[in-house]
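Asker: Any chance you could fold what I've pasted below:
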Amino acid sequence: QFVESGGGLVQPGGSLRLSCASSGFTLGNYVIGWFRQAPGKEREGVSSITSRGVTTTYADSVKGRFTISRDNAKNTVYLQMNSLKPEDTAVYYCAAKSSGILGSLRATAYTYWGQGTQVTVSS
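Answerer: As a prediction, this is how the structure comes out:
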């Protein structure tokens with residue numbers, strides 16, 4: 001239902017912008033979260049944004065470096081990632097909560113998931 005894009009290989013200190021889009025799902029009706037999972041690690045909540053974009057939430061590890069935003073007219077949610085570090089390397093997923101209006105970084109709060117996009121930060 002979702003398609004993530006924008007991942008790739010970037011050097012430490014670089015930037016990427018991830019996009020989460022859907023052709024058959026109105027993202028503007030849902031709280032959207034970004035998550036990531038590195039090899040051998042549990043899925044980690046990175047950021048979330050409420051349906052109208054009023055409230056955003058960030059994991060401590062990305063505060064000040066990542067920015068979540070949404071353009072409901074384009075049915076797209078973005079994750080701008082700056083000052084990337086090797087420890088940011090992971091598969092990044094977007095997800096939607098099926099109910100509720102509050103943001104969350106808990107993966108169990110989300111019902112609908114994309115397939116993920118790989119982000120690799122390496123020199």
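Asker: residues contacting the most centrally placed residue in the chain?
Answerer: The chain has residue 34 as the residue nearest its centroid, 2.4 Å off, counting by Cα atoms, centre = their mean. Neighbour list for residue 34: 18, 20, 45-48, 68, 77, 79, 92-95 [criterion: Cβ atoms under 8 Å, 6 or more residues apart in numbering]. C-beta: built from backbone N, CA, C; applies to glycine.
Asker: quick one: which of the residues you listed has the most company?
Answerer: Neighbour counts for the contacts of residue 34, by other Cβ atoms under 10 Å, peak at residue 94, which reaches 31 neighbours.
Asker: so which strand or helix has the nearest residue to that one once chain neighbours are set aside?
Answerer: Leaving out its chain neighbours, the residue that sits closest to residue 94 by Cβ to Cβ, 6 or more residues apart in numbering is residue 20, at 3.4 Å. Residue 20 belongs to strand 16-21 when assigned by DSSP states H and E.
Asker: Could you point out the helix or strand that follows that strand?
Answerer: The helix or strand immediately downstream of strand 16-21 is strand 32-37, counting by DSSP H and E.
Asker: Which SSE is immediately downstream of that next one?
Answerer: Moving toward the C-terminus from strand 32-37, the next helix or strand (DSSP H and E) is strand 44-49.
Asker: Same question for whichever helix or strand comes after that following strand: list its buried residues.
Answerer: The first helix or strand that comes after strand 44-49 along the chain, using DSSP H and E, is strand 56-58. The neighbour-count check on strand 56-58 (16 or more other Cβ atoms under 10 Å) flags 57, 58 as buried.
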